[in-house]
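[1] Next comes the sequence, and after it the predicted model I'd like to discuss.
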Amino acid sequence: MAKEPVTKNMTLGELVKKHPESAEIMFNYGLHCIGCHMAVTETIEQGAKAHGMSDEDVDRMVGEINETIDKPKEEKEPTKETEEEEEETEVLNKEKKKGFLNRVLSKLF
């Protein structure tokens, strides 16, 4: 089932909420305002024009966003580096929990 296409009339907030992967594309076009308070009510077109983008740039960016959201997410086989990173993250998280527990206990006793 095809996803509803993104249009330049969607608000930036709505776009990022529905398609967080679109943020990287907007950053690549110099549209860094997605975290701005105006992003909640400002359309993609309004935000882009406020940053000096032409109509063609806006259409190109929206097209690229639509191409990206229509692509099926690839399932990547874990690489040795990915597995090592996951193990390191797990160890760090355990250490943080131990450290937190030790800090709490030291304050109590």
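    Arrived safely. Bear in mind the structure is a predicted one, so any value in this text is a computation, not a measurement.
[2] what number of residues lie near residue 60?
    By other CB atoms under 10 Å, 13 other residues sit near residue 60. In this view, the C-beta of every residue, glycine as well, is placed from N, C-alpha and C.
[3] quick one: contacts of the helix or strand harbouring it?
    Assigned by DSSP states H and E, residue 60 belongs to helix 55-70. The contact list for helix 55-70 (CB atoms under 8 Å, 6 or more residues apart in numbering) reads 2-3, 5-8, 15, 19, 21-22, 25-26, 29, 31, 44-45, 48-49, 53.
[4] tell me the contacts of residue 36?
    Contacts of residue 36 by CB under 8 Å, 6+ apart are residue 42.
[5] So it versus residue 72, what's the distance?
    Using CB to CB, to the nearest Å, one gets 31 Å for the distance from residue 36 to residue 72.
[6] One more: residue 48?
    From residue 48 to residue 72 the distance is 27 Å (CB to CB).
[7] Point out where the chain drops to low pLDDT.
    1-2, 33-35, 73-82, 88-89, 91-109 (pLDDT under 70).
[8] try it again with 90
    Low-confidence segments of the chain, defined by pLDDT under 90: 1-4, 12-24, 27, 30-41, 47, 50-51, 68-109.
[9] Quick one: the helices in it, in order.
    Secondary structure of the chain (DSSP state H): helices located at 12-18, 22-28, 44-50, 55-70, 80-108.
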